[in-house]
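Chemist: Provided below are the primary sequence and the corresponding predicted coordinates.
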Amino acid sequence: MQSGYLQTYGSWESDPEAYWAEQAKAIHWFRKPERVFDPEEGVYGRWFPDAETNTCYNCLDRHVQTGRGDQKAVIYDSPMTGEKVSYTYAEVLNEVQAVAAVLAKLGVGKGDRVIIYMPMIPQAVFSMLACARLGAIHSVVFGGFAAHELATRIDDCHAKLVISASCGLEPGRTVAYKPLLDHAIDMAMHKPEHCLLYQRDQLHAPLHAGRDVDFETAVAAERQAGTKVDCVAVKATDPLYVLYTSGTTGQPKGVVRDNGGHMVALAWTMKNLYGVDPGEVFWAASDIGWVVGHSYIVYGPLLTGNTTIIFEGKPVGTPDAGTFWRVVSEHKVKALFTAPTAFRAIRRDDPDGDFVAKYDLAGFRTLFLAGERADAETIKWAEKVLGVPVIDHWWQTETGWPMACNPMGLGQVPVKYGSPSVTVPGYKIEVLDDEGHPLPSGTLGNVVVKMPLPPGCLVSFWNADERFRSSCLSEFPGYYKTADAGIMDEDGYLFIMARTDDIINCAGHRLSTGAMEEVCAMHPDVAECAVIGIADELKGQIPCGFLVLKNRVTRDAELIKKEIVNLVREEIGPVAAFKTVMIVDRLPKTRSGKILRGTMQKIADGMPWKMPATIDDPAILEEITAHLRAHGHG
Ligand code: COA
Ligand code: AMP
């Protein structure tokens, strides 16, 4: 390998603490770290335990003070509204101070939790940074989740305040957020004191007197008054945010990220993995509701003085499959990060890359893909039409930054299609069998990370240390369980093959089939059910529900199916993409009563499968196969 990768990996491995102490110099500390890692603190140890800092200061103030004030920090580009607005670092700092002043007046302070339920508009990013400025802990909830999911999060983190907007914009429909927000607050046991609501021109929402505050009116007053709000010093180990992600039940897991380690790790990745320098434009075409949005729309690029893009649109249909290339050429994007599903959609609409040819992409250097398995065909197509390296990389909400990547800044290593390449410095990845024994290279097993996790990874789940231990740390003592199954080859390349739990990846969105089963089971006509992820050409996977109705149900089956589809949409949200439902007589089970979801999934995907030795009644699998075939699967 010509790359500097091996040398950097070796340098980290020989002395991880010295390595991270060196990287920590890229961050401004109010109190510099004297200790790098304390193995006794927290669930598994804490990074930079004696340091103090502020993430907003590092993202904004520091750059303004060092001469970057006039550089564009944030570009908002919305093909949904036709708006394009740029904000310099100095302007973002002003906006964030105004929002922080409003939050402070509404009683938000260090350690308070603030839920942000907003579409992809600049005010969402300003709100995140304003929380960081005050040392408050934000929890962004993706706009595609419905009221019940929002209520669960409000209750779990005891949000003091919710920041929201009147609506989101999806192609062909306006998503009214306010009714969802009001319903969520009605449902929640814990009531937030205030809601700060940004009214968009497309839809005005009525405000609740006493509880709701108009975002723009309040912020404009502080902006005009030029109110300054100092950055609150927080401990490096204090939480910056809680981000809820799907777990193996309907109860989402609140991934807690700290301030200090998070900044050190993200700043390191911008140059070493993504290969971008300060001043360059970096675009993560994701949503701030996901971890990709947190790390690579907001914090990573701003920490290193890049320009970031808030894109409110879709890869296709807004207005066409050329929209990504318009944004790349217009805003001089150097590196783009998105999910493979976006490229499958673009390829479907523009198979010959005609739209690509319409734009000047001369300055564009690299395409990064993550969030789900990137199929070789899509990567090869993107390489061909774009003529730039296409880099698959692998990580998850829990880690917050890549675990496996082809490190463009350290030097690209040879590409192996189907692999997100090599282990990123900071992580030691192993593949173990179910008993925890190391497997030889080339063998499929549980992908685990040797503890301790590096800076920037989750420190625990919100108020749930025990759940963190039991779901991530206890099955393979000494390791963090990624819940992905994969293979490490003889050259150290990792291949991620599947999840080992009930999580599926639909259009790059992480969803729990267990949570969908819980909702289906709520329907009064359903006796039992199973939801599995089945292969989908565009979205990677889509959920598919199998329902067994109660004995005496005589109602129209089609109507029941519709009700259940609507129920999942109302309870979880449209993002669940739950549209495929089959009513079956019985579900295949083992003799001990476990539903054979894995076998059903293999049948659905047309993969080879073996009759499980413990199956109760083999005839049921034939019935399921017939149902799937009737729906064009298997
Ligand atoms: N607010 C409200 N609703 C939302 C939403 C949001 N922020 N995001 C998605 N939805 C809705 C969609 O409108 C859709 O609703 P519908 O059932 O009425 O059509 C539903 O949730 C499913 O969304 P999704 O699975 O994302 O499909 P899509 O039709 O919106 O987009 C692609 C299709 C192919 C363009 C899509 O796969 C894509 O590119 N998604 C973005 C991938 C991504 O950014 N992933 C983030 C990880 S990096
Ligand atoms: P999320 O927490 O939403 O980022 O989802 C993380 C999960 O998505 C991982 O545990 C994997 O199952 C899957 N995933 C993410 N990136 C990749 C990738 N490059 N290849 C295969 N699977 C991936």
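Modeler: The structure has been received and is ready for your questions. Ligands and ions are numbered 1, 2, ... in the order given.
Chemist: Spatially nearest residue to Glu91 (excluding sequence neighbours)?
Modeler: Ala73 (7.6 Å; C-beta to C-beta, 6 or more residues apart in numbering). Any C-beta I mention is one placed from the backbone N, CA and C, and that applies to glycine too.
Chemist: Check for me that the one you found belongs to a helix.
Modeler: No - using DSSP: H, G, I helix; E, B strand; the rest coil, the assignment for Ala73 is strand, not a helix.
Chemist: if I read this right, it contacts Val298, doesn't it?
Modeler: No - shown here, Ala73 and Val298 do not form a contact pair, counting by C-beta atoms under 8 Å, at 10.6 Å.
Chemist: Overlap of the contact sets of the two?
Modeler: Contact criterion C-beta atoms under 8 Å, 6 or more residues apart in numbering; residues shared by Ala73 and Val298: Thr308.
Chemist: just the strands in the stretch 1-150 of the chain please.
Modeler: 37-38, 46-47, 52-53, 72-78, 83-88, 113-117, 137-140 (DSSP state E, counting those that start in this stretch).
Chemist: wait, does the longest one contact ligand 1?
Modeler: By that I understand strand 72-78. No - judged by C-beta under 6 Å from any ligand atom, strand 72-78 stays clear of ligand 1, getting no closer than 12.7 Å.
Chemist: So what angle separates the directions of that strand and strand 83-88?
Modeler: Angle of strand 72-78 versus strand 83-88, following axes from the mean of the first three to the mean of the last three C-alpha atoms, to 10 degrees, is 170 degrees.
Chemist: which residues sit against strand 72-78?
Modeler: Residues contacting strand 72-78 (C-beta under 8 Å, 6+ apart): 60, 63, 83-89, 91-92, 120-122, 125, 169, 281, 302, 307-313, 327, 330-331.
Chemist: Sort out for me which of these are in helices.
Modeler: Judged by DSSP state H, these include 63, 89, 91-92, 122, 125, 302, 327, 330 as members of helices.
Chemist: I'd like those as a markdown table, with distance to ligand 1 and neighbour count appended.
Modeler: Converted to a markdown table, these look like this (distance: C-beta to the nearest ligand atom, whole Å; neighbours: other C-beta atoms under 10 Å):
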| residue | distance to ligand 1 | neighbour count |
| --- | --- | --- |
| His63 | 26 | 24 |
| Tyr89 | 25 | 26 |
| Glu91 | 25 | 18 |
| Val92 | 22 | 25 |
| Pro122 | 16 | 21 |
| Val125 | 15 | 29 |
| Leu302 | 18 | 26 |
| Val327 | 14 | 22 |
| Glu330 | 20 | 14 |
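Chemist: What parts of the stretch 501-634 of the chain come near ligand 1?
Modeler: 506-509, 538-539, 574-575, 577.
Chemist: same thing but at 5 Å, please
Modeler: Counting by C-beta under 5 Å from any ligand atom, the residues of the stretch 501-634 of the chain close to ligand 1 are 507-508, 574-575, 577.
Chemist: Most widely separated two among those residues?
Modeler: Greatest spatial distance in these: Gly508 and Pro574, 14.8 Å, computed using C-beta to C-beta.
Chemist: before we move on, the earlier item: pLDDT and distance to Ala151 added to the ones in helices among the contacts of strand 72-78, as CSV?
Modeler: Below are these laid out as CSV (pLDDT from 0 to 100; distance: C-beta to C-beta, whole Å):
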residue, pLDDT, distance to Ala151
His63, 98, 38
Tyr89, 98, 37
Glu91, 98, 35
Val92, 98, 31
Pro122, 98, 27
Val125, 98, 24
Leu302, 98, 31
Val327, 98, 35
Glu330, 98, 40
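Chemist: between those residues, which is nearest ligand 2?
Modeler: Val125 (19.4 Å; C-beta to the nearest ligand atom).
Chemist: Please tell me I have it right and that closest one contacts Val298.
Modeler: Yes - using C-beta under 8 Å, Val125 is in contact with Val298, at 5.6 Å.
Chemist: List the residues that are in contact with both of these two.
Modeler: Ile288.
Chemist: Can you report phi and psi for the residue lying farthest from the centre of the chain?
Modeler: Here the chain reaches farthest from its C-alpha mean at Arg552, the gap being 42.7 Å by C-alpha atoms, centre = their mean. Taking degrees, to the nearest 10, you get phi -90, psi 10 for the backbone angles of Arg552.
Chemist: Could you tell me which residues make contact with it?
Modeler: No contacts exist for Arg552 under C-beta under 8 Å, 6+ apart.
Chemist: at 10 Å what do you get?
Modeler: Contacts for Arg552 (C-beta atoms under 10 Å, 6 or more residues apart in numbering) come out as Asp525.
Chemist: Please apply the same query to Glu40.
Modeler: Glu40 touches 46, 49, counting by C-beta under 10 Å, 6+ apart.
Chemist: and if you look at Val575?
Modeler: 142-146, 149, 287, 289, 506-507, 509-511, 569.
Chemist: switch the cut-off to 8 Å
Modeler: 142, 144-145, 509, 511.
Chemist: Pick the one among the residues you listed closest to Ile583.
Modeler: Closest approach between these and Ile583, by C-beta to C-beta: Leu511, at 21.8 Å.
Chemist: Need the phi and psi values for that closest one.
Modeler: Per degrees, to the nearest 10, the backbone of Leu511 is at phi -130, psi 150.
Chemist: so it touches Pro543, yeah?
Modeler: Yes - using C-beta under 8 Å, Leu511 makes contact with Pro543 at a distance of 6.7 Å.
Chemist: I'd like to know how many residues surround Asp230.
Modeler: Neighbour count of Asp230, defined by other C-beta atoms under 10 Å: 12.
Chemist: Model confidence score at it, please.
Modeler: We note a pLDDT of 98 for Asp230 in this prediction.
Chemist: Count the neighbours of whichever residue of the stretch 51-200 of the chain sits closest to ligand 2 for me.
Modeler: Across the stretch 51-200 of the chain, no residue is closer to ligand 2 than Phe142, which sits at 10.3 Å (C-beta to the nearest ligand atom). Phe142 is flanked by 20 other residues according to other C-beta under 10 Å.
Chemist: Then Pro239?
Modeler: The burial count for Pro239: 23, using other C-beta under 10 Å.
Chemist: Who are the contact partners of it?
Modeler: Contacts for Pro239 were tallied using C-beta under 8 Å, 6+ apart; they are 137, 256-259, 459.
Chemist: Grab the nearest non-local neighbour of Glu517.
Modeler: Val531 (4.9 Å).
Chemist: So the one you found, which state does it fall into?
Modeler: Secondary structure assignment for Val531 (three-state DSSP): strand.
Chemist: what are the bridge partners for it, then?
Modeler: Note on Val531: beta-bridge partners Gly545, judged by DSSP bridges.
Chemist: Next one: it from Leu511, what distance?
Modeler: 9 Å (C-beta to C-beta, to the nearest Å).
Chemist: Flag the shaky bits of this protein, pLDDT-wise.
Modeler: Counting by pLDDT under 70, the chain has low-confidence residues at 1-2, 248-250.
Chemist: Identify the residue spatially nearest to the residue of the stretch 51-200 of the chain closest to ligand 2, adjacent ones excluded.
Modeler: Gly289 (2.7 Å).
Chemist: coming back round to it: surely the residue of the stretch 51-200 of the chain closest to ligand 2 meets Ser286?
Modeler: No - using C-beta under 8 Å, Phe142 makes no contact with Ser286, being 10.2 Å away.
Chemist: So this structure: which segments form each domain?
Modeler: 5-313+393-486, 507-630 (automatic domain parsing).
Chemist: How about the shortest one and ligand 2, touching?
Modeler: Yes - contact between domain 507-630 and ligand 2 is present through Arg510 (criterion: C-beta under 5 Å from any ligand atom).
Chemist: May I have the distance across that domain, first residue to last?
Modeler: 24 Å (C-alpha to C-alpha, to the nearest Å).
Chemist: okay, now Leu494: neighbour count?
Modeler: Neighbour tally, Leu494, other C-beta under 10 Å: 22.
Chemist: leaving aside the residues next to it on the chain, what's closest to it?
Modeler: Ala404 (4.6 Å).
Chemist: wouldn't His523 be in contact with Glu563 here?
Modeler: Yes - counting by C-beta under 8 Å, Glu563 is a contact partner of His523 at 6.4 Å.
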